[in-house]
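> Sharing a model that was predicted from the sequence below.
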Amino acid sequence: MYQKDTLKIEQKSDTLKSIIIGDSQTPFVDNASEKVSRISTTSGMSSLWQGGKTVSWLILALEKYSTDSTVGNVVLCIGTNGGYSSKDNIEKLITLTKEKFPNSKLYAVQGSWGWGGIKDVTETKVRNYYKKYEELGVVIVEPPIGKIEPHGNKPIYKVIGKELDSLL
């Protein structure tokens with residue numbers, strides 16, 4: 001009897017969606033993964049991703065978003081546009097994401113650095129930033145996007161997409 005119940009739970013979790021939310025790097029990770037998808041390919045608050053946005057923006061978008069129990073995995077792709085600021089309210093982001101997607105496990109894609117307004121940001125700063133996510137129970141995806149200008153179909157996205165697919 002117990003095994004049947006366990007089997008039903010496993011089958012149910014297999015039908016849950018895996019989504020990715022965040023900033024402009026979100027579509028590139030989405031396109032490289034077979035298992036995650038954006039809510040919509042049109043960016044904006046209702047799809048929970050948009051280029052040039054920060055953790056604060058994602059929190060505002062999540063506050064307006066309805067609870068969705070059909071999501072089993074949420075991949076966060078955010079942090080770059082805020083320069084990996086220690087002022088980002090990561091705790092609120094994680095709490096709110098868990099509230100809006102109560103059946104989900106959370107993952108974070110580590111962003112890029114060394115270009116534009118973050119040209120002086122180091123890999124150490126980026127990795128330390130995502131340690132806060134990990135402390136809150138988020139699975140950190142390796143490797144980071146890295147020291148590149150991240151816009152475009154870069155080879156690193158295939159590596160990240162493959163890693164995500166192996167984790168989900």
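Yep, that arrived.
> List the buried residues for stretch 109-122?
Buried residues in stretch 109-122, defined by neighbour count with 16 or more other Cβ atoms under 10 Å: 109, 110, 111, 112, 113, 114, 118, 121. (C-beta placed from N, C-alpha, C; glycine too.)
> Return the subset of those residues lying in helices.
Members of the buried residues of stretch 109-122 lying in helices (criterion: DSSP state H): none.
> Let me see the contact set for residue 102.
Shown in contact with residue 102 (Cβ atoms under 8 Å, 6 or more residues apart in numbering): 67, 69.
> if I look at it, how far off is residue 15?
Remark: distance between residue 102 and residue 15 (Cβ to Cβ, to the nearest Å) = 15 Å.
> And residue 55, by the same measure?
With Cβ to Cβ as the criterion, residue 55 and residue 15 are 30 Å apart.
> And for residue 149?
Remark: distance between residue 149 and residue 15 (Cβ to Cβ) = 38 Å.
> Between the two, tell me which one has more neighbours.
The neighbour count for residue 149 versus residue 15, taken as other Cβ atoms under 10 Å, is higher for residue 149 (11 against 8).
> So the more buried one is in contact with residue 115, correct?
Yes: using Cβ atoms under 8 Å, residue 149 is in contact with residue 115, at 4.2 Å.
> returning to what we had before: kindly reformat the buried residues of stretch 109-122 as TSV containing distance to residue 36 and pLDDT.
Below are the buried residues of stretch 109-122 laid out as TSV (distance: Cβ to Cβ, whole Å; pLDDT from 0 to 100):
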residue	distance to residue 36	pLDDT
109	10	98
110	16	98
111	16	97
112	18	97
113	23	97
114	25	96
118	24	96
121	25	97
